[in-house]
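Student: Below is the sequence, then the predicted model.
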Amino acid sequence: MLIALVSCAAAAVVWTAGAVLLGRPAAVILSGLYASGVVAVSAAISLVVIRPWKPRSLMTLPFVWMGGSLLRVVGVLGLSILLYFSLPLEPGPFLIAVVLAYLATLLGETWMYVRSIRLIPATGSAAGHDLASSGVTR
């Protein structure tokens, strides 16, 4: 979950720095921060629901990840619509910031899943690693 929150925070920092450097108004900066918050909340909820710390077989892990990604998309869409209609946000900057934060989160989670799968040895236990401690089973 930490990688998702770090990715959203990085997207918020990049958005804020870009808006300040381009001389955009405070409403544009605020839209980017709201968008990063929406994606962070949705990513955290989807990660808690799929429980990535639970040991799973390598055959089910991609399906669980896709389910979590689908849940994150639906959450981002729902929370963005609620936030858009509850606050007076400019639609263009808000949409671009949501996409930027979502892609940063997706990139971070993809890196995390690939790294965790690569850490699993090919034959059960090798070099002091075993499948039970890696959290993924074959």
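Tutor: Looks like it arrived, so ask away.
Student: mind checking how far residue 56 is from residue 62?
Tutor: Per CB to CB, to the nearest Å, residue 56 is found 10 Å from residue 62. C-beta: built from backbone N, CA, C; applies to glycine.
Student: Looking at the two, which one has more neighbours?
Tutor: Using other CB atoms under 10 Å as the criterion, residue 56 and residue 62 rank with residue 56 on top: 18 against 12.
Student: Is residue 103 inside a helix or a strand, and which specific one?
Tutor: According to DSSP states H and E, residue 103 maps onto helix 91-118.
Student: Please compute how far that helix lies from its chain's middle.
Tutor: Counting by CA atoms, centre = their mean, to the nearest Å, helix 91-118 is centred 5 Å from the centre of its parent chain.
Student: ditto for stretch 103-122
Tutor: A distance of 12 Å separates the centroid of the chain from that of stretch 103-122, by CA atoms, centre = their mean.
Student: Just checking, which helix or strand of the protein averages the lowest pLDDT?
Tutor: Sorting the helices and strands of the chain by mean pLDDT, DSSP states H and E puts helix 131-134 at the bottom, at a mean of 48.
Student: so which strand or helix has residue 47?
Tutor: Assigned by DSSP H and E, residue 47 falls within helix 26-50.
Student: Please state the offset of that helix from the chain centre?
Tutor: Computed by CA atoms, centre = their mean, the chain-centroid distance of helix 26-50 equals 9 Å.
Student: And for stretch 4-17?
Tutor: Stretch 4-17 sits 11 Å away from the centroid of its parent chain (CA atoms, centre = their mean).
Student: do stretch 59-73 as well
Tutor: Mean-position distance between stretch 59-73 and its chain equals 12 Å (CA atoms, centre = their mean).
Student: who's in contact with that stretch?
Tutor: By CB atoms under 8 Å, 6 or more residues apart in numbering, the list of residues contacting stretch 59-73 from outside reads 39, 42-43, 45-47, 49-50, 52, 56, 102, 105-106, 109, 113, 117, 136.
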